[in-house]
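Student: pasted the sequence and its predicted model underneath.
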Amino acid sequence: MMSTPAIVLPAARRTAPEATEFSFRRFDPAADAELLHGWVNTERAGYWGMLGSTVQEVGSAYRELNADPHHHVLLGLLPAGDLSAALEPVFLLEHYAPEHSVLAGRYAHRHGDAGMHLLLAGPGDGRSLPGFSAAAMEAALAHLFADPAVLRVVVEPDAANTAVHSLNSRLGFRPAARIQLPAGAGAPAKTALLSHCTRADFAAATGRPSTAAAHLSPGRWETANRHLLAKAIAEFTHERLLDPVPGDAGWTVSAGNHEYGFTATVHGLEHWVIDPDSLHVSIDGEPSAPDAAGFVLAFSDTLGLSATQLPVYLEEIGSTLASHCYKQLHSTASAAELAAGTGDAVGDFQRTEAAMTEGHPCFVANNGRLGLGANDFLSYAPETGGALALQWLAAHTSRASYSSLPGLDAESLLLSELGARQLARFRARIAESCAGSGLDPADFLLLPIHPWQWEHKLAISFAADVASGHLVHLGAGDDLYQPQQSIRTFFNRSAPARHYVKTALSVLNMGFMRGLSAAYMEATPAINAWLTSLFENDEELRHGNVGLLREIAAVGYSNPLFEAAGKDTPQRKMLAALWRESPAGLIEPGQQLATMASLLHLDSAGASLAAAHIRRSGLEATDWLARYFDAYLIPLVHCLCRYDLAFMPHGENVILVLQDSVPVRVLHKDLAEEIAILGDRQPLPPEVERIRAAVPESERRLVVFTDIVDCFLRFLAPALAREGVCSEDAFWATAAQRLLAYRERHPETAEAFDALELFAESFELSCLNRLQLRNNAQMLDLTDQSGGLIYAGTLANPLAGRGA
């Protein structure tokens, strides 16, 4: 809120000050209460809500505010204008954490939000200078944005205060919504106009330099480089691209005149945990700062990076480092806090989703996202915890198709997702467009799209379709969605029971352009229906600890130009969307939701979130792990043994349902694109046949060993061991025990189970980073993934010898 009474200024001043002339000091209730009392007890300061207060009441109220760690009170100062160095208070600035204020739960909070209240000084000699209010507001915003952790300023002035709305607009604020705020802390209840100002908005409004990269600083950059360099050496060593040499003070790896020394512990599965603080680098014998990109450049021949791949991979490394700098500022919740939650299952689910400080555990360059700009990152990256409106398109049915689970027509889906009023508004826009194109408004399908995709790809590359009226841009939807770890999937924050939305996003990330195939969309619901039927008719799968988040409907658009230009081009994957069930409606009261990737999360102090859950559960670690393996590992093994069915069960594709931090259920997602039937033994309906994959018999067991053991459990076991929660031996013994219990329970699949050789002495080491290093634009041919894999010998199996 803000009031704009007349300003007291030194008599010598005849023009409004510049924003740079202001300075700030903390408000002192004892010394400043009388001054502030004069400001708030004016008719023009009525919106401040303290008319009629006494000096004592003002002092008491602000002593209480000063004691609140989430609320800060400052005075804005100007030089007195005489020859002295005196500074005169001319406005009050309050800034606060919105999530700890009356705004909590009343708007879509995002990381980096700061709430602001501004009160200009009360009347004095009646002189008011045009431009003063704007200068004071600009100074206040500049002060807040000087903190790199602040990404957006939120204000909630009274909706009737039109003067301040105009001023806010001049400084870059954008109205978001009218919200009802209750009375509290001396302020009356009001209808507020919630408004936001981002760094980019502020820079554009004031002509200031961009501060979109304010999270990049020397200290955070060094921390990010130490983190990523430690991971790079660890994972490239795991994949046997590097061979560290032991010495008295630790280990070293060298390339030419570059030497990297470090201390490390080596765990099962040749998993290296390198202490980032121990890293020391020398070039030509001289100490040098840790530099992950410089490391890649020095070892480019060892890593097998071609001249074509090297610069793109260096870009991905740079983007991953920048992302880590951001996370240092904003992923500040402790593991214990995340495990405990707040009691709001949906809010905690998305808080954890945004808190992850690490992407895919195996990949070194795992936050490339090439194509996103600096402001795009702040708007769309999952670690920002932001909420955004998706854009909508209408696509003509001559080029678009809708498919769904049986009985779900497009109109019913849209009514449930948009509501009748919004849908009618979109239909009217289609009709208006058709008046110029001659097309029939009834012949259009609606689909949500990523805002970036519309601005950077579709409005340009699909310009002919827009011009002809075959694509109609309908504008933003009303609901706000939060980007998930997979970056192109969105969770509905406005209405959590509504579906996830997955969109095409033509951004290069972790070995693939993140498009969405229109051709694949046609069979997506049919594949989900078949899989659902399989689960419902299988006793092992339907007893409650495993489930599916079904992809219920999809729309794909085929651009005739790109369809004719090539079979496997990324341009054919620019426009499609699917709707997936939300887990929000699938949990019981008191249960929690969390991406399984969070089990590998380490907070800023190095504490494991998985360990925090185990401690909070009150269970012995092996009991907790038994329940986890029964929900995650065993159903996957069962599907492979009985149906030759393989999932892609990495952390982002699995949602955990927890009760008091105990895993009670696992929900699998990303089904149609990432499941496969291995071989030709299982019959499939024709519409599902595309999921069949020709895989050598010897590779079947790698569904367990590579995707589960090496790419996920390899990280989880040492994390628990390092905190003293569970030894690695007990971890793997528990896994083996649950596998043996499954075999005993299902003698009919014993032969298939034994054929997997899960207790063999070793298994083939399939190398994911080598795939990205070979081709970071397309790691694998999705029509022949098996044929493109790269192996580097074998790994000792931690389950070996435990099968008796």
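Tutor: Thanks, I have it. In this text the structure is predicted, and so the values were computed from the model without any measurement.
Student: show me where the stretch 551-700 of the chain has its helices.
Tutor: Shown for the stretch 551-700 of the chain, the helices assigned by DSSP state H, counting those that start in this stretch span residues 560-565, 609-617, 621-631, 633-643, 671-674.
Student: kindly reformat the ones you listed as TSV containing distance to residue 743, mean neighbour count and mean pLDDT.
Tutor: No exception for glycine: its C-beta is placed from N, CA and C like everyone else's. Listed next are the helices of the stretch 551-700 of the chain as TSV, based on distance: least, CB to CB, whole Å; neighbours: other CB atoms under 10 Å; pLDDT from 0 to 100:
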stretch	distance to residue 743	mean neighbour count	mean pLDDT
helix 560-565	49	12	88
helix 609-617	26	23	98
helix 621-631	13	21	98
helix 633-643	9	22	97
helix 671-674	26	19	92
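Student: any idea how far residue 276 is from residue 266?
Tutor: 16 Å (CB to CB, to the nearest Å).
Student: poorly predicted segments of the stretch 151-300 of the chain, please.
Tutor: 184-187 (pLDDT under 70).
Student: which residues in it form strands?
Tutor: Assigned strands in the stretch 151-300 of the chain, in chain order: 152-155, 174-181, 190-198, 245-247, 250-255, 258-262, 264-267, 271-274, 280-283, 286-288 (criterion: DSSP state E, counting those that start in this stretch).
Student: dump these to a markdown table, plus distance to residue 303 and mean neighbour count.
Tutor: Shown next, in a markdown table, are the strands of the stretch 151-300 of the chain (distance: least, CB to CB, whole Å; neighbours: other CB atoms under 10 Å):
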| stretch | distance to residue 303 | mean neighbour count |
| --- | --- | --- |
| strand 152-155 | 39 | 24 |
| strand 174-181 | 45 | 14 |
| strand 190-198 | 38 | 20 |
| strand 245-247 | 18 | 10 |
| strand 250-255 | 10 | 18 |
| strand 258-262 | 13 | 21 |
| strand 264-267 | 19 | 16 |
| strand 271-274 | 16 | 21 |
| strand 280-283 | 17 | 16 |
| strand 286-288 | 19 | 10 |
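Student: name the spans of the stretch 651-800 of the chain whose pLDDT lies under the cut-off.
Tutor: In the stretch 651-800 of the chain, residues with pLDDT under 70: 779-787.
Student: what are the boundaries of the strands in it?
Tutor: Using DSSP E, counting those that start in this stretch, strands in the stretch 651-800 of the chain cover 654-659, 662-668, 676-678, 692-693, 762-766, 791-796.
Student: okay if I get those as CSV plus mean neighbour count?
Tutor: CSV is the format used below for the strands of the stretch 651-800 of the chain (neighbours: other CB atoms under 10 Å):
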stretch, mean neighbour count
strand 654-659, 23
strand 662-668, 22
strand 676-678, 21
strand 692-693, 16
strand 762-766, 19
strand 791-796, 14
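Student: indicate which one of these is closest to residue 718.
Tutor: strand 791-796 (14.5 Å; CB to CB).
Student: could the strands of the stretch 651-800 of the chain go into a markdown table alongside distance to residue 593?
Tutor: What follows is those, written out as a markdown table (distance: least, CB to CB, whole Å):
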| stretch | distance to residue 593 |
| --- | --- |
| strand 654-659 | 6 |
| strand 662-668 | 9 |
| strand 676-678 | 27 |
| strand 692-693 | 31 |
| strand 762-766 | 30 |
| strand 791-796 | 33 |
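Student: between the ones you listed, which gets nearest to residue 408?
Tutor: Of the strands of the stretch 651-800 of the chain, nearest to residue 408 by CB to CB is strand 662-668, at 20.0 Å.
Student: the closest one vs helix 633-643, what angle?
Tutor: 40 degrees (axes from the mean of the first three to the mean of the last three CA atoms, to 10 degrees).
Student: partner strands of strand 662-668 and their direction?
Tutor: strand 546-548 (parallel), strand 654-659 (antiparallel) (DSSP bridges).
Student: setting aside sequence neighbours, what's the nearest residue to the spatially most central residue of the chain?
Tutor: Central residue of the chain (CA atoms, centre = their mean): residue 382, 1.6 Å from the mean position. Nearest non-adjacent residue to residue 382, counting by CB to CB, 6 or more residues apart in numbering: residue 483, 4.5 Å away.
Student: from residue 732, how far off is residue 68?
Tutor: In terms of CB to CB, residue 68 sits 49 Å off from residue 732.
Student: higher neighbour count, the two?
Tutor: residue 732 (21 against 14; other CB atoms under 10 Å).
Student: got the contact list for the more buried one?
Tutor: 268, 717, 798, 799, 802 (CB atoms under 8 Å, 6 or more residues apart in numbering).
Student: could you give the backbone dihedrals for the spatially closest residue to the first one that is not a sequence neighbour?
Tutor: Yep, that's residue 268 we're talking about. Computed as CB to CB, 6+ apart, the closest residue to residue 268 that is not its neighbour in sequence is residue 798, at 4.6 Å. Backbone torsions for residue 798, taken as degrees, to the nearest 10, come to phi -70, psi -10.
Student: and the one 3 residues further on, by the same measure?
Tutor: Geometry field for residue 801 lists phi and psi as phi 80, psi 0, criterion degrees, to the nearest 10.
Student: tell me how far it lies from residue 736.
Tutor: 9 Å.
Student: surely residue 36 is in a helix?
Tutor: Yes. Using DSSP: H, G, I helix; E, B strand; the rest coil, the assignment for residue 36 is a helix.
Student: what number of residues lie near it?
Tutor: Residue 36: 26 neighbours (other CB under 10 Å).
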